[in-house]
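> how does the following fold in three dimensions:
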Amino acid sequence: MFNELNKYKQKGHFFFKHDDNLSAVCNAPKDCSGIYLIYALEKGNVNLIYIGISGRTGKDGNIIHRKDGLRGRFLTGKQFGGLRKTTWPVKIKLDDIEALDIYWFVTHGSQNKDLPRYLEIALLKKFHSINGCFPRWNKGL
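Coordinates of the predicted model:
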């Protein structure tokens, strides 16, 4: 669905189940910024449920990296009112999800200099135009 991500060579993915240790399974780098897609494996289906970024655009138009990069976005970032390492296991059980399949792409690092926010907006708009809604864990643009 998102062919624009094919150009990024520094990428990876990992699975996260409700009983996993997030820091043990997360293989995202900590020295760059980018975008990530979270898929839910549920009842034999794979559904894109979240599009997120690490790194933001400063007032001067340049990237502001998180000090702990993409990895830190997962390990110390918050979602659902708390740290992901504590809220994701609860949300996975509540939503009856078998596992999360998380794909990450370095959009601003040594190989590329694309600002993650602009790509995130484009992907969210594309998802919305195809599905008539945003991924269920996204609140919108």
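> what about the biggest helix by length in the chain, distance to the chain center?
In the chain, taking DSSP state H as the definition, the longest helix is helix 116-131. Chain-centre distance of helix 116-131: 13 Å, with CA atoms, centre = their mean, to the nearest Å.
> and it, what does it pack onto?
In terms of contacts (3 or more CB pairs under 8 Å, 6 or more residues apart in numbering; DSSP states H and E), helix 116-131 is packed against strand 33-42, strand 45-54, strand 56-57, strand 99-108. Quick note: C-beta positions are derived from backbone N, CA and C, even for glycine.
> hey, least reliable of those strands by pLDDT?
Lowest mean pLDDT within the helices and strands packed on helix 116-131: strand 56-57, at a mean of 86.
> now that one, how far from the centre of its chain.
Distance, stretch centre to chain centre, for strand 56-57: 15 Å (CA atoms, centre = their mean).
> contacts for the helix or strand following that strand next, please.
Moving toward the C-terminus from strand 56-57, the next helix or strand (DSSP states H and E) is strand 63-64. For strand 63-64, the surrounding residues in contact (CB atoms under 8 Å, 6 or more residues apart in numbering) are 33, 55-58, 108, 113, 115.
> mean confidence score for strand 63-64?
The average pLDDT for strand 63-64 rounds to 83.
> then stretch 78-88?
Rounded mean pLDDT across stretch 78-88 is 93.
> how about it: buried residues?
For stretch 78-88, the neighbour count (16 or more other CB atoms under 10 Å) marks 79, 84-85, 88 as buried.
> how far off centre is it?
13 Å.
> ditto for stretch 70-81
Offset of stretch 70-81 from its chain centre (CA atoms, centre = their mean): 10 Å.
> okay, how far is it across it, tip to tip?
19 Å (CA to CA, to the nearest Å).
> cool, stretch 23-31 as well?
16 Å.
> how far out from the middle of the chain is it?
Here stretch 23-31 shows a centroid-to-chain-centroid distance of 12 Å under the convention CA atoms, centre = their mean.
> list the buried ones in it?
For stretch 23-31, burial by neighbour count (16+ other CB under 10 Å) applies to 26, 28-30.
> ok, residues contacting that stretch?
For stretch 23-31, the external contacting residues (CB under 8 Å, 6+ apart) are 10, 12-16, 36, 65, 68-75, 85, 104, 106, 109.
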